[in-house]
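[1] Sequence and computational prediction follow.
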Amino acid sequence: MASAWVIDHPAHARLLAPIMREVSQTDDVIIACERAEVVAMLENGDGHLPRRKTYWVPRPVGKGKWRKAWKRSRISKKALKGIQTLISVGAPIETRVAPRKSRRIYITDTEINHLAHKLAHPTEIIIPTHFDTQLAKPLMRKRAIFHKIDGLHGHVHLHPHIRPKTVSNPPKVMVRRLLGDGIHDSDEILQIPENWLEGLSIFTADENEVTGNPWNLIQNVANMDGVITQSVTLASEAVLLGVPTLLISKAKRGFLDRLKSDGYPLFVAKEKDESILAQWLAGIHLTSELELPDWPNTRSELLEIIKH
């Protein structure tokens with residue numbers, strides 16, 4: 001009963017790794033996107049991600065995206081012959097070329113990924129309970145079995161973290177900038193004002209600029225006093241670890257709303273607003289006062305759905 005695991009983004013590798021360690025079989029295959037961070041994660045996957053036969057596919061964005069999509073569909077269709085189950089996180093092409101009678105699981109927490117949602121052809125869809133269905137109407141019209149899990153994707157692979165009681169002087173802050181070539185990036189990304197970084201000890205972790213072992217990114221985040229990022233994914237992971245995070249983006253996501261309503265230290269600047277910067281700077285010194293909610297059993301919920 002071989003399965004195929006689609007890893008299109010570094011966050012997908014972190015999400016699927018603990019699930020694969022539980023249920024993946026030696027005859028499973030991985031379909032992995034040729035982006036620098038994903039390549040580095042698979043190359044350094046020992047102890048994190050089981051070694052499986054891997055098929056590399058292009059990322060269908062930017063110049064020649066339709067040619068890349070066609071090439072990817074050919075590679076994936078060949079790789080998926082004989083597969084009984086497909087697990088894909090927001091990547092639609094594989095759900096279209098998998099065997100017709102296969103079980104095709106499509107996992108997403110990104111409501112506005114409209115093109116992918118329209119193209120996807122899953123038999124089952126897994127979304128979080130906080131998913132904003134009004135932002136994802138093309139997906140919600142799919143003829144598929146819908147499952148809901150309580151919690152964020154980060155709850156699957158992260159663990160509650162005790163924050164240090166003291167703040168470095170100057171504060172240690174990780175900064176992550178995006179390339180801006182994602183399908184919905186152009187509508188969301190805002191520039192990080194350079195003067196907002198003054199007086200901070202900066203550690204950069206920009207998209208596709210891989211230094212060291214990429215699996216250490218989360219531990220590096222946990223050791224920071226704060227995070228400034230254009231990435232909604234890193235923002236969600238950082239605040240789940242209790243790290244005060246300044247997200248500079250116009251993005252709308254159900255999981256961002258949940259994090260704010262649950263009291264996580266997330267500060268969102270949708271424009272160059274100095275008052276949000278001031279709130280985040282103050283929040284860096286107040287992490288010992290945080291009372292974070294109970295950790296949901298998201299990993300077990302996701303695991304049970306995939307196993308059955």
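    Yep, that arrived. Numbering: from 1, shown residues only.

[2] Reduced to three states, what does L234 come out as?
    Taking DSSP: H, G, I helix; E, B strand; the rest coil as the rule, one finds L234 in the helix state.

[3] Remind me which helix or strand V6 belongs to.
    Per DSSP states H and E: V6 is located in strand 3-7.

[4] Please work out the average pLDDT along the helix or strand just after that strand.
    For strand 3-7, the succeeding helix or strand toward the C-terminus, using DSSP H and E, is helix 10-23. Taken as a whole, helix 10-23 has an average pLDDT of 97.

[5] next one: stretch 76-84
    Stretch 76-84 comes out at a mean pLDDT of 97.

[6] tell me which residues of it are tucked away?
    Residues of stretch 76-84 classed as buried: 76, 79-80, 83 (neighbour count, 16 or more other C-beta atoms under 10 Å). All C-beta atoms are positioned from the backbone trio N, CA, C, and that covers glycine.

[7] Of these, which is the nearest to F255?
    Comparing the buried residues of stretch 76-84 against F255 with C-beta to C-beta places S76 closest, at 27.7 Å.

[8] is it true that that closest one touches I93?
    Yes - here S76 reaches I93: they are 6.1 Å apart, a contact under C-beta atoms under 8 Å.

[9] shared neighbours of the two, anything?
    Listed contacts common to S76 and I93 are V57; contacts here mean C-beta atoms under 8 Å, 6 or more residues apart in numbering.

[10] Looking at the buried residues of stretch 76-84, which one is closest to L16?
    I83 (15.4 Å).

[11] returning to what we had before: which strands and helices lie in contact with the strand holding V6?
    If you count contacts as 3 or more C-beta pairs under 8 Å, 6 or more residues apart in numbering; DSSP states H and E, strand 3-7 packs onto helix 10-23, strand 29-33, helix 36-43, strand 85-89.

[12] Can I get that strand in CSV? Just the C-alpha atoms.
    The C-alpha trace of strand 3-7 is given here as CSV (Å, rounded to 0.1, in the frame of the first residue of the first chain):
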residue,chain,number,x,y,z
SER,A,3,2.0,6.3,-0.6
ALA,A,4,3.4,9.4,-2.2
TRP,A,5,4.3,12.5,-0.2
VAL,A,6,4.4,15.9,-2.0
ILE,A,7,6.9,18.4,-0.5
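
[13] Buried residues in that strand, which are they?
    Burial within strand 3-7, assessed by neighbour count using 16+ other C-beta under 10 Å, is assigned to 3-7.

[14] Name the residues that touch the one helix or strand G283 maps to?
    Remark: G283 resides in helix 274-284, with elements defined by DSSP H and E. With contacts defined as C-beta under 8 Å, 6+ apart, helix 274-284 is touched by 167, 171, 196, 225-226, 244-246, 265, 267-269.

[15] before we move on, back to that, next, the angle from the strand holding V6 to helix 10-23.
    Angle, strand 3-7 to helix 10-23, by axes from the mean of the first three to the mean of the last three C-alpha atoms, to 10 degrees: 160 degrees.

[16] Starting from the helix holding G283, tell me the next helix or strand along the chain.
    That would be, after helix 274-284 and using DSSP H and E, helix 298-307.

[17] elements contacting that next one?
    helix 10-23, strand 103-107, strand 124-128, strand 145-149, helix 154-157.

[18] for the stretch 201-308 of the chain, which spans come out with low pLDDT?
    Counting by pLDDT under 70, the stretch 201-308 of the chain shows no low-confidence range.
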